[in-house]
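>>> Any chance you can model this:
(4 chains)
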Amino acid sequence: MNIHEYQAKDLLRAEGVPIPAGDVATTPEQAEAIAQRLGGMVVVKAQVHAGGRGKAGGVKLAKTPAEARLLAAKILGMQIKGLTVHKVLVTAASDIASEAYVGIILDRATRKPVFMVSRAGGIDIEEVAATTPEKILKLPIDTRFGLQAYQANELGFFLFDDIKKVRAAAKIMTQLYAAFMRNGASLAEINPLVVTPAGDVVALDAKISIDDNELDRHPELEALRDETAEEPSEVEARNAHLTFIKLEGDVGCVVNGAGLAMATMDLVKYYGGEPANFLDIGGSSNPEKVVSALRIITEDPSVKAILFNIFGGITRTDDVANGIVTATKANPLRIPLVIRLTGTNEELAMKILHDNGFTASSDMDEAVKQAVALAHGGKAA
Amino acid sequence: MNIHEYQAKDLLRAEGVPIPAGDVATTPEQAEAIAQRLGGMVVVKAQVHAGGRGKAGGVKLAKTPAEARLLAAKILGMQIKGLTVHKVLVTAASDIASEAYVGIILDRATRKPVFMVSRAGGIDIEEVAATTPEKILKLPIDTRFGLQAYQANELGFFLFDDIKKVRAAAKIMTQLYAAFMRNGASLAEINPLVVTPAGDVVALDAKISIDDNELDRHPELEALRDETAEEPSEVEARNAHLTFIKLEGDVGCVVNGAGLAMATMDLVKYYGGEPANFLDIGGSSNPEKVVSALRIITEDPSVKAILFNIFGGITRTDDVANGIVTATKANPLRIPLVIRLTGTNEELAMKILHDNGFTASSDMDEAVKQAVALAHGGKAA
Amino acid sequence: MSIFIDKSTTVIVQGITGRDGSFHTQQMIEYGTKIVGGVTPGKGGQTFGGSVPIFNSVHDAVRATNANTSVIYVPPMFAADAMMEAADAGIRFIVCITEGVPVLDMTRVHPFVREKGARLLGPNCPGLITPGESKVGIIPGRICAPGNIGVVSRSGTLTYEVVYQLTRAGMGQSTCVGIGGDPINGTSFIDCLAAFEKDPDTHAVAMMGEIGGSDEQEAAEFVAKHMTKPVVGFIAGQTAPPGRRMGHAGAIISGSAGTAAEKIEAFEKAGIGVARRPMDFVELLKARM
Amino acid sequence: MSIFIDKSTTVIVQGITGRDGSFHTQQMIEYGTKIVGGVTPGKGGQTFGGSVPIFNSVHDAVRATNANTSVIYVPPMFAADAMMEAADAGIRFIVCITEGVPVLDMTRVHPFVREKGARLLGPNCPGLITPGESKVGIIPGRICAPGNIGVVSRSGTLTYEVVYQLTRAGMGQSTCVGIGGDPINGTSFIDCLAAFEKDPDTHAVAMMGEIGGSDEQEAAEFVAKHMTKPVVGFIAGQTAPPGRRMGHAGAIISGSAGTAAEKIEAFEKAGIGVARRPMDFVELLKARM
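Here you go, the predicted model:
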């Protein structure tokens, strides 16, 4: 789960990370009031779950509260990478002597949280990694022992020469790690970590992603979810316990299991089609899920054909068949539907479908070919 | 460092351990007021750093606030194992269906905190260990991973059969372990852990010892130290950074290093004497420490002779010699003094002592023999 | 022969009285798996289906049954504890089916299990099956047939798809293993490939990977260096949108973006046959055996 | 020969610029110990005494000097970190002099150091000396002499006392090791006894124990089973008051009250000569060699 910059900063502040004062606003008037309260120059920052906010014009410097209001009015409602800005963060502006990058990411290969730090901050860390990897220090942390002081120092020394700044940075490393662990994060980033002309080390921007699997343990984090900041169809899918990612194609896909779902999308592409989505109905079948899946997919006007690919293991294919029947009775489909079912209770499922006027195949290859052809205006084979 | 029952209970309450309400009183009137506030029957419990309070008459049941006042008046000022009672805990009385023992101790052999639990609670756990060791479950905890739920359950199942009580006990194990770790304890005990007739599992008594080495990290725990509850000479010694334990003999011992101090006491005994104390002036010598050591030892009227045994390594023997000279000039000794010095700066030390009218030996055996003889009214050899 | 499990494997089920646990216990028993006990704290002394004894703890179960293997169907918040309990109780092979285990939990479970000398499969995996002998987990038994193809996969239903095609083509399996798709899991592709290489009854291996991470690239390197048996591989996710999960930052660490193209290239470089479609495994394997 | 250190041992000092660290570094250099570097964060690039380079971290120091041994003189709250840093940086032998390290810290340091394959001596120990070759720690060099007695002790000054008597009696030492008196430490009596047994230049061992715990009893068992060389032991604390520290509850766990009488009995049972006074070592060792 992604959270906003202002929320990530709150989590870091709770651990003691030094961060310039600021507050979130949903209206230009609120933005002005916050700027008034902070005094001096402020930065107005779009709060959306997307990178490149600066380039998109979502981050602006305001000299006066009135200017903060004007800028907020411009940024609120703006579209950044397809997402509408509903909130801005108004925060005290800092003078910057130098910028560094600090991040922790849960790493598959080392099976550990790994710190990444670089003196090349503020800019895109991926670019640094690609062009000058020696400018990044990667340090895996063994969670059995936690981040040790000597490791925090090592990270600090990689960023700074002056021992005072090293110690300040080391302290921030410890606080960032604490925030990462306490909140079940999969990513926690401070970029840039800046040194002010006065020599203070402060976090100017922050990003935290929470491992979705942790949310049951952290209801207070679930409360940070901002559904207005997400693609509405993805919100709807999550509430229906479906894993759904919207794409640009025209073949809507309903599959059980992420691996098979991806393989199905690949096969759509293989036969010249374009998948309209990734959709995994998950393991335990439930006719309701099928109903929700069909509703979400048919809401997308670019979908020209729908493909079901279900390999019944835990999933009972008769449940899926019942779901298809229920959904299409309530809302008759206006686009073609291709069904592939095999596995648990296959005979029963086939009977349910036939009795309700559907045909179904047990062969994946054949079903995908059909769906692609139908999306392209052809006929089902 | 030992803390009182009421302080230990506060630390456990902070983790959520269910404990009957209560408060501490230093006067009978306070005790009455607390009993009034609690309502119903209360227990008045002497707060001293000693076991066997019950047998000594330091724990009494009061039916009314007035009775609580009377009992508090009796218990306050009472002597238990040589310690004066300055405080009583007044706590709501609980009905008891069964009693169990739960403790965690930092164990040398496994190098881990070890849980000990037994259905035989309320009574002396050492007796249980000696007579029916199979009634105790010992479970070492790896602090890299912490107490796991399955371990807390295993401990709970050892104490109870009913799953509700097992779960309640398992929760208390987790809370006790958290208190142990958070406070840098070397011992944390709930004895008895009782089941009430209603089936609730609650802690009736608690004992926590803090690792002295943790106190720099936990100033809030240092604040729990109750110097009125300790032997005054030991308090004075600690404040002078000496390790001192008062004993019953007549040969006062001033030694550097715990091992050599014990070996010196043993040698006193070997030659027929009785050491009056254990006193370790520690590694880094400082004339002030020697002055404090002499003052503390001479305050004890049963001391008949004083023995210095200093093997200079880090300790500079000239520092010790200067300390002896300074201390005896300020407060001339009225009992014989035997000095053994060897090691770092030995020649200088000998010169300082001779110049000030002292004799000193470099042989431990000889010095101990002399000190014993002098304590028995003999002459120095 | 087979890898990891065979007809002598004795299994306890953690969470045997839960919805998923009880259903799949029944399925495993019907398949012929030796289920010797189950664990549900508080239900010790009862039985499952009148014959399988239930215990309060894995320690109790192991003491009473001497089981060497455990399969876990407990809710995600309890899964880390269940895996550690199994390892601590002396279980040698732990199969965790549970989906949704917090990844940070696994950063502790993994070294714990390794210290205890146990092997962990999963979490978030379908388990494994040695057709005709034993199944531990949820892979549908009837799609499998005994034979000489070793199957290893990061995904559940995709595995079924491939196994189904192999079986229909008369190509039985020695063992089919689903290692699970979580970022941190117990048994890797390499662990399975090494075991298949050693198993005399495995003649070729089908491997199904996914985008993300670099496990498949490392597996390819292993195949090139250490395997004499033919391997055919598939990568799911060629059309998946980039950067929707841990994506980029993870890629910086592993030095790989984890794309399908990268992985397929690694397969080709290692001499692994590349199945473009799940149905291509049959022909590619036949051509190599 | 000797155990743990000899003239080829290369040492870095953690906390080299502190009060104790700088004093003892000078002492070690004067004794002939190869001090190749020191560590004080923030003083990297400076030197100690004009010749010993100072580094910001142990990693830096090891990279630059290839030291195999470290000696730690940092304040107690930083000692755990210093030990772990040394182990992580590849130091093979870590000697922690610092007194007052929280015991719970050691419950984590101990497995960490072991996982890294390093040996830890201490904390709260005087270190060790191989007379005439190298000393690491604070044992006064001039009381020692090269020879064939191995000395191992839980205490500092008591060790000096015994070594002093041995040297005066013309009985030199192969290595003198102070293992420290803390409840949880790195190197045990048994580790030292095993090393002395293997060392061809050690002909007999003097061992000084204390009341508390059961390390001496276990050491006695080891001597009985595995040692061919004569051992003479001493237990300090026969007159110490019981139950003033962890006393009883600890005794329940170890199954021993840790009294001097118990330990002396274990020594006698194991055929270890028992010195009643520190000065008895000389005669008892002579009689056995």
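
>>> where do the helices sit along chain A?
Using DSSP state H, the helices of chain A run over residues A:5-15, A:28-38, A:65-75, A:125-131, A:149-159, A:163-182, A:219-222, A:232-239, A:258-270, A:287-298, A:317-330, A:346-355, A:364-375.

>>> Can you tell me the closest non-neighbouring residue to the residue in chain A positioned nearest to chain C?
Residue of chain A nearest chain C, by Cβ to the nearest Cβ: residue A:259 (2.1 Å). All C-beta spots, glycine's among them, are computed from the backbone N, C-alpha and C. Nearest residue to residue A:259 in three dimensions, chain neighbours excluded: residue C:155, at 2.1 Å (Cβ to Cβ, 6 or more residues apart in numbering or on different chains).

>>> For residue A:263, see how far away the one you found is.
8 Å (Cβ to Cβ, to the nearest Å).

>>> Mind listing the shared neighbours of these two?
Shared contacts of residue C:155 and residue A:263 (Cβ atoms under 8 Å, 6 or more residues apart in numbering or on different chains): residue C:236.

>>> re earlier: the residue nearest to residue A:259: neighbour count?
A count of nearby residues for residue C:155, using other Cβ atoms under 10 Å in any protein chain shown, gives 28.

>>> Give me the pLDDT for it.
pLDDT, residue C:155: 88.

>>> Surely it touches residue A:264?
No: using Cβ atoms under 8 Å, residue C:155 is not in contact with residue A:264; the gap is 11.5 Å.

>>> Quickly note the distance from residue C:87 to residue B:342.
Distance of residue C:87 to residue B:342, given as Cβ to Cβ: 55 Å.

>>> Could you check how far the closest residue in space to residue A:125 that isn't next to it in sequence is from residue A:138?
Nearest non-adjacent residue to residue A:125, counting by Cβ to Cβ, 6+ apart: residue A:101, 5.2 Å away. Per Cβ to Cβ, residue A:101 is found 12 Å from residue A:138.

>>> list the residues that contact both of the two?
Joint contacts of residue A:101 and residue A:138 (Cβ under 8 Å, 6+ apart) are residue A:116.

>>> quick one: which of those two has more around it?
Ranked by neighbour count (other Cβ under 10 Å), residue A:101 and residue A:138 place residue A:101 first, with 23 against 18.

>>> Give me every residue in the stretch 1-150 of chain C lying close to chain A.
C:20, C:76-77, C:99-104, C:106-108, C:110-111, C:126, C:138-140, C:143 (Cβ under 8 Å from any Cβ of the partner chain).

>>> coming back round to it: can I assume the residue of chain A closest to chain C is in contact with residue C:160?
No: the pair residue A:259 / residue C:160 is not scored as a contact, 9.8 Å apart, by Cβ under 8 Å.

>>> Run through the stretch 151-289 of chain C and note the low-pLDDT ranges.
C:241-257 (pLDDT under 70).

>>> from it, which residue is nearest to chain B?
For the stretch 151-289 of chain C, Cβ to the nearest Cβ, closest residue to chain B: residue C:184, 15.8 Å.

>>> again with chain A
For chain A, Cβ to the nearest Cβ, closest residue to chain B: residue A:144, 4.1 Å.

>>> pretty sure that residue is touching residue C:111, no?
Yes: the pair residue A:144 / residue C:111 is scored as a contact, 6.0 Å apart, by Cβ under 8 Å.

>>> So which of those two has more stuff around it?
residue A:144 (21 against 18).

>>> Identify the residues contacting the more buried one.
B:144-145, C:108, C:111 are the contacts of residue A:144 under Cβ under 8 Å, 6+ apart.
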